[in-house]
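Undergrad: Predicted structure and sequence below. I'll ask about it afterward.
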Amino acid sequence: MQLNTLEDLFADELKDVYHSELQLNHALPAMIKASSCVKLRTALEGHLVETHTHVVRLEQVFNLLNLPVKAKKCSAMEGILKETEDIFASKIHSDEIRDILIICMGQKIEHYEMASYGTVCAWAEVLGHHAIVKLLVQTLNEETRAEEHLSELATNKIKAAAIEMHITCAEGYENSQT
Ligand SMILES: [Fe+2]
Ligand SMILES: [Fe+2]
């Protein structure tokens, strides 16, 4: 594919984002299954439903651009998901520690998606694709909320793990992260 214009880049990046969402749809059920904490499972289940919607929105974007719905291999998401699979294969005896690792990978996934959607939103804006901006911003907001939720869970989990291991939280951390 020729990448000479911002329109070319935009179309190419959409295919990459589409592939990362397809991979996530496939990977999230295993992350849910491996999670012990009900709150974490509920958060991931909720985000799996949203991820289905993200795929549909991208298909709408391709349609609005009169482009075929097409994916292009996203090696970055593939790499993050490979690291996530490595957790499932590791010998981890503590459910808390496994949950903390799953949250960590979930946050990496969401940050990657936020970067991708931030970029395509900005490009769509510059290109004057206003209806497409609306669709992509909805997804960007959902990715951001998902990350914030995981971040909250991470803080609580880390504190619980610290108490279990008799580690005193650094001064200020306890008060500022409730
Ligand atoms: Fe997504
Ligand atoms: Fe996401």
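TA: Sure thing, it's come through. Since the model is a prediction, treat every value here as computed from it, not as a measurement. Ligands and ions are numbered 1, 2, ... in the order given.
Undergrad: Backbone dihedrals for residue 29, both of them.
TA: When read as degrees, to the nearest 10, the backbone of residue 29 gives phi -60, psi -40.
Undergrad: Just the pLDDT at it, thanks.
TA: pLDDT for residue 29: 97.
Undergrad: ok, how many other residues are close to it?
TA: Neighbourhood size, residue 29 [other Cβ atoms under 10 Å]: 12. From N, CA and C alone the C-beta is placed, and that goes for glycine too.
Undergrad: before we move on, which element is the residue nearest to residue 34 when sequence neighbours are not counted in?
TA: Leaving aside its chain neighbours, residue 34 sits nearest to residue 88 (5.4 Å; criterion: Cβ to Cβ, 6 or more residues apart in numbering). For residue 88, the host element (DSSP states H and E) is helix 75-89.
Undergrad: Go ahead and name everything in contact with that helix.
TA: Contacting residues not belonging to helix 75-89 are listed as 19-20, 23-24, 27, 30-31, 34, 98, 101-102, 105, 108-109, 112 [Cβ atoms under 8 Å, 6 or more residues apart in numbering].
Undergrad: In terms of helices and strands, where is the spatially most central residue of the chain?
TA: Centroid check for the chain by Cα atoms, centre = their mean gives residue 110 as the closest residue, at 2.7 Å. Per DSSP H and E, residue 110 falls inside helix 95-127.
Undergrad: before we move on, what about residue 91?
TA: Here residue 91 is covered by no helix or strand, with elements defined by DSSP H and E.
Undergrad: Tell me the confidence at it?
TA: 89.
Undergrad: Quick check on it: phi, psi?
TA: The phi/psi pair for residue 91 (degrees, to the nearest 10) reads phi -90, psi 100.
Undergrad: about what we covered before: pLDDT on the helix holding residue 110, on average?
TA: 96.
Undergrad: which one is residue 146 nearest to, not counting chain neighbours?
TA: Per Cβ to Cβ, 6+ apart, closest to residue 146 is residue 47, 4.8 Å.
Undergrad: if you average pLDDT over the helix or strand that contains that neighbour, what comes out?
TA: Assessed by DSSP H and E, residue 47 sits inside helix 38-64. For helix 38-64, mean pLDDT is 97.
Undergrad: tell me what that helix is packed against?
TA: helix 6-34, helix 95-127, helix 130-164 (3 or more Cβ pairs under 8 Å, 6 or more residues apart in numbering; DSSP states H and E).
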